[in-house]
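Undergrad: Predicted model and sequence below, questions to follow.
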Amino acid sequence: MTGASAGIGRASAIAFGARGDRVALVARGTTGLAGAERDVREAGGTPYVAPADVSDAARMQEVVDEVERELGPIDTWVNAGFVSVFAPFDEIEPEEYERVTKVTYLGYVYSTMAVLPRMKARNRGALVHVGSALAYRSIPLQSAYCGAKHAIQGFHESLRTELLHEGSGVRTTMVQMPAVNTPQFRWVRSRLSREAQPVPPIYQPEVAARAVVYASDHPQRREYWVGGSTVLTLLGNRVAPAILDRYLARTGFDSQQTDEPLDTSRPDNLWEPVDGGEGPDHGPHGVFDDRAHDRSGQMWLSRHRYPVGITAGAALLGAGATAAALRIARR
């Protein structure tokens, strides 16, 4: 489990541990990794801590060697690590853009490169890529992150077709997430005037974690969509992307910021973890518990997509396109 020290990665590691799995915890932050190790053990799992920066391809090869030596053959690999920068495109430095791309996109690639040969040799295994609705529909102020998520989507589809061509027993799937209440919004590098927030509706990381665990057990599906907002966004983007462009240009700046002024003195995790050394353990949750949903009815529909999922999808598509058009019409 990469990105295991906090957020979706931390919640997913705990969910795997709760069913008695052996869980390798991969991340940079020492305090967060120690907390994840404790949580997985208390949940009933067997943790193994493997500190690593996923943008280091050589280190990820070492991690796979260590994990298989300590825990045995890797059955499931979940990619979830990322960093980001909240800023307009022309306020992001080239080295910052490169860093986001290396961690958020190439981190998935390097991790998969390290583990895939082992899985292919055994002709079994599941690769689960934690994605986002932003892998299909970009929004303002997150161009580096959106670009990386689009790249992951393309990488995933290409790899999937190659595995199908080979008749491989290895499967790859992607879980497209909604806005999630994770700690990233208080440690992401930001040049906004106010503190960043996920675009409502917001879901708890445990919702995402349940989807990750389900996808790992059912990796035959090419992807899963979590949250009604993800469905509306992705289907709406297929039908009326130009309308969404205008809608997001109008609403996407304010909706990603709270009323709280940005704390310019706080650290960010772009280059170094904020939970390293004596840093705090942030855990799975961010600061939006009072606004976050702990369930997703849409995820249930995704698991039972025939025939209910198709009917619901068509209804949501019509509702989403109509709502978007009405919003634009009211400008």
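TA: That came in fine, so what should we check first? This is a predicted model, so every value here is computed, not measured.
Undergrad: Am I right that Ala34 is in a strand?
TA: No - remark: Ala34 does not belong to a strand; assigned using DSSP: H, G, I helix; E, B strand; the rest coil, it is helix.
Undergrad: Just give me the residue right at the centre of this protein.
TA: Val130 (4.0 Å; Cα atoms, centre = their mean).
Undergrad: And for Gly279, nearest residue in space, chain neighbours not counted?
TA: Thr31 (5.2 Å; Cβ to Cβ, 6 or more residues apart in numbering). Bear in mind the C-beta positions are built from the backbone N, C-alpha and C, glycine included.
Undergrad: can you confirm that neighbour is in a strand?
TA: No - the assignment for Thr31, made by three-state DSSP, is helix rather than a strand.
Undergrad: Going along the chain, name the helices of the protein.
TA: Assigned by DSSP state H, the helices in the chain fall at 7-18, 30-43, 57-71, 94-100, 107-122, 143-166, 205-217, 228-239, 241-251, 297-303, 310-329.
Undergrad: ok so, going back, now do the same contact list for the residue nearest to the centre of the chain.
TA: Gly3, Ile8, Gly9, Ser12, Val78, Asn79, Ala80, Met174, Val175, Met177, Ala208, Val212 (Cβ atoms under 8 Å, 6 or more residues apart in numbering).
Undergrad: give me that answer again for 7 Å
TA: Ile8, Val78, Asn79, Ala80, Val175, Met177, Val212 (Cβ atoms under 7 Å, 6 or more residues apart in numbering).
Undergrad: in the protein, what spans have low per-residue confidence?
TA: For the chain, the stretches with pLDDT under 70 are 298-331.
Undergrad: how about a cut-off of 50?
TA: 306-312, 314-315, 318-319, 321-331 (pLDDT under 50).
Undergrad: With distance to Val287 and mean neighbour count added, can I get the helices of the chain in CSV?
TA: Listed next are the helices of the chain as CSV, based on distance: least, Cβ to Cβ, whole Å; neighbours: other Cβ atoms under 10 Å:
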stretch, distance to Val287, mean neighbour count
helix 7-18, 12, 27
helix 30-43, 16, 20
helix 57-71, 31, 16
helix 94-100, 22, 15
helix 107-122, 25, 20
helix 143-166, 19, 18
helix 205-217, 13, 23
helix 228-239, 20, 21
helix 241-251, 22, 15
helix 297-303, 24, 18
helix 310-329, 28, 15
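Undergrad: any chance of those in JSON lines, plus distance to Pro280?
TA: JSON lines is the format used below for the helices of the chain (distance: least, Cβ to Cβ, whole Å):
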{"stretch": "helix 7-18", "distance to Pro280": "13"}
{"stretch": "helix 30-43", "distance to Pro280": "6"}
{"stretch": "helix 57-71", "distance to Pro280": "25"}
{"stretch": "helix 94-100", "distance to Pro280": "23"}
{"stretch": "helix 107-122", "distance to Pro280": "23"}
{"stretch": "helix 143-166", "distance to Pro280": "24"}
{"stretch": "helix 205-217", "distance to Pro280": "17"}
{"stretch": "helix 228-239", "distance to Pro280": "30"}
{"stretch": "helix 241-251", "distance to Pro280": "33"}
{"stretch": "helix 297-303", "distance to Pro280": "31"}
{"stretch": "helix 310-329", "distance to Pro280": "39"}
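Undergrad: chain center to stretch 214-232, what's the gap?
TA: 12 Å (Cα atoms, centre = their mean, to the nearest Å).
Undergrad: Can I get it as CSV, trimmed to CA atoms?
TA: Taking C-alpha atoms only, stretch 214-232 is exported to CSV below (Å, rounded to 0.1, in the frame of the first residue of the first chain):
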residue,chain,number,x,y,z
TYR,A,214,-13.6,-4.4,-3.1
ALA,A,215,-11.6,-3.6,-6.2
SER,A,216,-8.7,-5.7,-5.0
ASP,A,217,-11.0,-8.7,-4.7
HIS,A,218,-12.7,-7.9,-8.1
PRO,A,219,-10.0,-6.5,-10.3
GLN,A,220,-11.7,-7.8,-13.5
ARG,A,221,-13.6,-4.5,-13.8
ARG,A,222,-11.5,-1.9,-15.7
GLU,A,223,-12.5,0.8,-13.2
TYR,A,224,-14.9,1.7,-10.3
TRP,A,225,-16.6,5.0,-9.7
VAL,A,226,-17.1,6.1,-6.1
GLY,A,227,-19.7,8.7,-5.1
GLY,A,228,-22.6,10.2,-6.9
SER,A,229,-20.6,13.3,-7.6
THR,A,230,-18.0,11.2,-9.5
VAL,A,231,-20.8,9.7,-11.7
LEU,A,232,-22.3,13.1,-12.4
